[in-house]
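>>> Model the structure of this input:
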Amino acid sequence: MAFKLLQRFRGSTMKEPRGPGPPEEPPESAELVDDTEVLSVRLSGTLSLSEDSLGSDESDDTETRALKERHQRTLLTQQLREMWANAQQHPMPIRLTFEVTEANVVHDAHAKYVVYTIFVLLSGKYDASPACISCRYSDLERLRRRLRTHYPDEMSDVSFPRKRLHRNFTAETIAKRSRAFEQFLCHVSSIPVLRWSGHFLGFFYLHEMQNAQRLTRTGLYKLALPLWTNIWHLQEKLCPSGHCAHKLVALAGLVVCHQEMETLVEAQVYSEQAIRLLQETVAPNCPWLVPFLHAHIQLSWRVGKDKRDSETALQKLQEAGHPTENVASLKEILITETIS
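Numbering: from 1, shown residues only. Predicted structure coming up:
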């Protein structure tokens with residue numbers, strides 16, 4: 001995607017996503033990877049016809065040409081069927097990919113910098129819920145430094161685009177950097193210990209989660225909801241299975257905002273997801289459990305869904321001595337939670 005930025009690159013003013021940040025540091029030694037040869041390899045795989053199939057000898061009559069064309073179409077159909085059958089037997093593995101889709105030059109009172117929009121996608125399947133982040137070079141470079149500090153061996157072969165003293169805002173430089181950022185994130189996410197680290201996961205949604213909490217705390221639910229939705233989609237891609245420390249926070253944000261905006265069906269669906277996650281991975285004394293059960297029971301009653309399982313779970317907690325009455329509501333826990 002990054003090479004398209006040479007045509008799509010534009011300078012515009014937008015809100016800074018992560019704060020002003022420190023000034024850029026001297027150049028690093030890592031080199032960018034030029035993938036023009038890779039592009040030609042991709043293009044070489046395009047379906048093409050041989051010279052024999054492009055035409056026939058002028059002496060062939062109409063009937064002979066028609067027979068040849070039908071034969072060629074039959075062969076092509078057989079080939080396509082074989083390719084499809086092979087694809088069904090050996091499906092493409094689903095993996096995490098990153099695409100820089102936009103880059104904008106920002107001017108403010110203190111600095112000039114580039115904000116990159118990076119989409120997080122699942123390749124190998126149709127991704128119905130793409131998610132994205134906005135960041136600048138210093139944000140990504142800070143992530144690299146943190147990972148190198150905590151995982152020096154795993155990060156030893158991970159390259160990163162070096163900084164430049166001049167020509168940082170040319171279309172060519174931004175396009176090359178964009179491609180290098182894609183490669184950097186793909187490489188890091190392919191190493192399990194790095195992909196599951198709090199530094200890597202938090203980079204994608206921690207700042208946005210803090211903004212979403214602040215908007216929710218002040219009652220700006222309509223503005224907070226898109227942030228919570230994007231955060232949840234990021235978490236689904238980054239940690240699709242098992243418990244993630246911030247998944248319950250995102251689900252609480254979705255439930256609260258939908259509930260306050262009276263979109264109760266959506267609120268009930270997210271509360272049900274939270275209950276499943278809690279029952280699978282969290283201990284009974286988790287502070288989120290009882291508030292989510294109360295929210296799920298209330299929402300299920302209001303939209304006409306079955307709430308008996310949650311009522312039974314709440315009763316069992318009460319019998320085991322866990323407090324279930326006069327506890328903080330889901331909204332109260334969400335707005336007071338320390339997100340870090």
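
>>> does Asn326 sit in a helix, a strand or a coil?
Secondary structure assignment for Asn326 (DSSP: H, G, I helix; E, B strand; the rest coil): coil.

>>> Please read the previous query as pertaining to Leu122.
strand.

>>> cool, the one 10 residues further on as well?
The three-state label given to Cys132 by three-state DSSP is strand.

>>> again, but for the one 10 residues further on
The three-state label given to Arg142 by three-state DSSP is helix.

>>> Now do it against Ser159, distance only.
The gap separating Arg142 from Ser159 is 17 Å, by Cβ to Cβ, to the nearest Å. Glycine gets a C-beta too; all of them are placed from N, C-alpha and C.

>>> what about the strands in the stretch 51-200 of the chain?
Using DSSP state E, counting those that start in this stretch, the strands assigned to the stretch 51-200 of the chain run over residues 95-107, 112-123, 131-136.

>>> Format the ones you listed as TSV; extra columns: mean neighbour count, mean pLDDT and distance to Thr263.
Listed next are those as TSV, based on neighbours: other Cβ atoms under 10 Å; pLDDT from 0 to 100; distance: least, Cβ to Cβ, whole Å:
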stretch	mean neighbour count	mean pLDDT	distance to Thr263
strand 95-107	18	92	29
strand 112-123	18	92	25
strand 131-136	20	95	20
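
>>> would you list the ones you listed in a markdown table and tack on distance to Ala313?
Shown next, in a markdown table, are those (distance: least, Cβ to Cβ, whole Å):
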| stretch | distance to Ala313 |
| --- | --- |
| strand 95-107 | 34 |
| strand 112-123 | 32 |
| strand 131-136 | 31 |
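
>>> in the stretch 1-150 of the chain, which ranges drop under the pLDDT threshold?
Confidence mapping of the stretch 1-150 of the chain against pLDDT under 70 gives the ranges 1-94, 124-125.

>>> try it again with 90
For the stretch 1-150 of the chain, the stretches flagged by pLDDT under 90 are 1-96, 107-112, 122-130.

>>> Can you tell me the closest non-neighbouring residue to Ala267?
Of all residues beyond its chain neighbours, the one nearest Ala267 is His258 (3.6 Å), with distances taken as Cβ to Cβ, 6 or more residues apart in numbering.

>>> Pull up the gap between the residue most central in space within the chain and Ser190, please.
The structure's the chain has its C-alpha centroid closest to Val120; by Cα atoms, centre = their mean the separation is 3.1 Å. Distance check for Val120 against Ser190: by Cβ to Cβ, it reads 14 Å.

>>> which residues in this structure form helices?
5-8, 36-44, 51-54, 62-89, 137-150, 171-189, 192-195, 198-217, 221-238, 247-260, 264-281, 289-303, 308-319, 330-336 (DSSP state H).

>>> Return the most buried member of the ones you listed.
Per-stretch averages of neighbours, counted by mean count of other Cβ atoms under 10 Å, single out helix 247-260 among these, with a mean of 24.

>>> and that helix, what does it pack onto?
Packed against helix 247-260 by the contact rule (3 or more Cβ pairs under 8 Å, 6 or more residues apart in numbering; DSSP states H and E) you find helix 198-217, helix 221-238, helix 264-281, helix 289-303, helix 330-336.

>>> 7 Å - rerun?
helix 198-217, helix 221-238, helix 264-281, helix 330-336 (3 or more Cβ pairs under 7 Å, 6 or more residues apart in numbering; DSSP states H and E).

>>> Nearest to Ser310, out of these?
With Cβ to Cβ as the measure, helix 264-281 is the member of those nearest Ser310 (6.3 Å).

>>> coming back round to it: surely the residue nearest to Ala267 and Val265 touch.
No - taking contacts as Cβ atoms under 7 Å, His258 lies outside contact range of Val265: 8.3 Å.

>>> Could you list the domains of the chain?
Here the domain assignment for the chain is 2-39+94-195, 222-336, based on automatic domain parsing.

>>> Nice, that's everything, thank you.
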